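J.: Sequence plus predicted model, see below.
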Amino acid sequence: MAAGFVDGQTLHDELGGASGVSTPIVHQWLQFWNTVGLTNPSLFAHVIAVIETLVAIALILGVLSNVAFVGSALLSIGIWTGAEGLHLPWFRPGQTDLGPSVGYIFASLALLFAAAGATWSIDALLARRITRARWLFSPTLAR
C-alpha cells in the first residue's frame, strides 16, 4: 500500500473521477465513494487491503470457493465502478479498453461456472465435514 493512499494524499486522485462524468447516477455513485474514502482514508485503505488479501487467500487455497468467486467479482465491480470510474468517458481518443477490473469480473465468474477448486482444495476436505453449508463450496461439491 502506498503511503500517499493510506494518508489520503492520493485518494482524491484515485476516487475523484466524478467531476469528469456528467451522467447523474454515475456521478452520484463516484461522489459517494469519494466521500466514503475521504472520510477516513487510512481505515478505507486498510479495509480494502484486508478484503483483497482474504479473497486472494481463499482463491489460492480453495476455501469457500463460491464465496471467493462471487466476492472477487463484486470487489472487481466495486473497483471498476468506484476507483476506475467505469473508465468513462468511453469515447475519448486513444481509449482501447475498459480497464483491468472488467477482466477480473469475467475471470471470477468463469471460475465460478467452471467449478474451479473442486478437486485439490480445502473445500474438498470441508465438504465432507460440513454438509449443511455445501453451497458455500465449489459448485461440483455443492451437489
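T.: In hand now; what should we look at? Model, not experiment: these values are computed from the prediction. Residues are numbered from 1 along each chain as shown.
J.: A116 in helix, strand or coil?
T.: coil (DSSP: H, G, I helix; E, B strand; the rest coil).
J.: What residues does it make contact with?
T.: Contacts for A116 (C-beta atoms under 8 Å, 6 or more residues apart in numbering) come out as 65, 69, 138. C-beta coordinates here come from the backbone N, C-alpha and C atoms, glycine included.
J.: Distance of it relative to W33?
T.: 30 Å (C-beta to C-beta, to the nearest Å).
J.: Now do the helices for this structure: every range, in order, please.
T.: Read by DSSP state H, the chain holds these helices, from start to end of the chain: 3-6, 11-15, 24-39, 41-61, 65-78, 100-113, 122-129.
J.: Among the contacts of A116, which one sits closest to V55?
T.: V55 lies nearest to F69 out of the contacts of A116, by C-beta to C-beta, at 9.3 Å.
J.: For R132, see how far away the closest one is.
T.: With distances taken as C-beta to C-beta, F69 is found 20 Å from R132.
J.: For the two, indicate the residue with more neighbours.
T.: Counted by other C-beta atoms under 10 Å, F69 and R132 do not tie: F69 has more neighbours, with 26 against 6.
J.: Contact partners for that one?
T.: Listed by C-beta under 8 Å, 6+ apart, the contact set of F69 reads 59, 108-109, 111-112, 116.
J.: excluding its backbone neighbours, what's nearest it?
T.: Nearest non-adjacent residue to F69, counting by C-beta to C-beta, 6 or more residues apart in numbering: L112, 3.8 Å away.
J.: got the end-to-end distance for stretch 116-127?
T.: Distance between the boundary residues of stretch 116-127 (C-alpha to C-alpha, to the nearest Å) amounts to 15 Å.
J.: pLDDT (mean, whole number) over it?
T.: Across stretch 116-127, the average pLDDT comes to 74.
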